[in-house]
Every structure is written in structure tokens, then in C-alpha cells.
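Student: Below are the sequence and a predicted model for it; my questions follow.
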Amino acid sequence: VQLQASGGGLVQPGGSLRLSCAASARIASINLMGWYRQAPGKQRDMVAPITSGGVTTYKDAVKGRFTISRDNAKDTVVLEMNNLKPEDTAVYYCYAYEVVQGSSRTSWGPGTLVTVSS
């Protein structure tokens with residue numbers, strides 16, 4: 001599956017952004033989708049995954065501020081980010097993890113840059 005992320009940009013601390021990840025195929029059966037981020041000079045880090053059944057997990061640093069959802073009808077995963085902080089500045093990547101006929105594969109979309117700065 002090919003993924004395309006959008007919605008990044010520059011926002012002031014305390015502001016909000018909405019990231020969208022559009023898939024080239026139906027996502028209803030994709031086991032796991034979600035978002036990672038990579039800050040300058042740091043490793044790529046999990047932000048929030050969501051299962052095909054809608055179960056979510058969040059990195060501690062974003063709990064209560066970020067919300068992930070998936071719209072199977074639109075084949076899209078959305079990350080709503082509120083009360084953004086400078087430490088949220090990173091390139092955000094969406095991904096899809098599939099298990100097909102016993103084999104697993106992970107697809108990544110190109111990143112979208114989020115900059116939180118006054």
C-alpha cells in the first residue's frame with residue numbers, strides 16, 4: 001500500500017494541527033496503522049498506532065493532546081494534535097503494518113514536517 005501524509009506546517013506553541021494519511025488501497029483489513037516522528041538528531045519514535053479494530057496507543061508525551069483515528073470508508077488515518085509544544089517539532093511519518101498470507105510488511109509514507117515555534 002502507498003501512503004501519502006499531509007497537514008504539516010508551522011504552528012505556535014499551544015496551537016493545533018491535523019495530519020492526514022491517505023492510502024492507495026483499502027485499509028479496513030490493514031492490521032495496524034499509525035504515526036512515527038523523527039526530531040532533528042534523534043531516532044524515529046512511535047507516536048500513536050491504531051489497530052484494524054480501532055484500539056489506540058499513545059506515546060506518553062502526547063497522551064491527552066493527540067488523537068488518532070481511522071476512517072475505513074475514506075481509507076485515511078488522521079492524527080489530531082492539540083496544545084502543541086516545541087518538543088513536538090519533528091518529521092511525522094505514517095505507516096501501515098500488514099500480515100498477508102503469513103508474511104508481514106510495513107509501508108511508510110513520505111514525512112510531513114511539523115514545526116512548533118513562536
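Tutor: Great, that's in hand.
Student: Give the burial count for the nearest residue to S117 once chain neighbours are set aside, as a bare number.
Tutor: Distances taken as Cβ to Cβ, 6 or more residues apart in numbering place P86 nearest to S117, at 6.3 Å, with adjacent residues excluded. Placement of C-beta: from N, CA and C, glycine included. Applying other Cβ atoms under 10 Å, we find 11 residues neighbouring P86.
Student: My understanding was that P86 contacts G14; is that so?
Tutor: No: with contact defined as Cβ atoms under 8 Å, P86 does not reach G14; the gap is 10.5 Å.
Student: Identify the residues contacting the spatially most central residue of the chain.
Tutor: Per Cα atoms, centre = their mean, the C-alpha nearest to the average position across the chain is that of W35, at 2.5 Å. By Cβ atoms under 8 Å, 6 or more residues apart in numbering, the contact set of W35 is 19, 21, 46-49, 68, 77, 79, 92-95.
Student: Tell me the helices and strands packed up against the helix or strand hosting A96.
Tutor: Element membership for A96 (DSSP states H and E) is strand 90-100. The contact analysis (3 or more Cβ pairs under 8 Å, 6 or more residues apart in numbering; DSSP states H and E) places strand 90-100 against strand 3-6, strand 17-23, strand 32-38, strand 103-108, strand 112-116.
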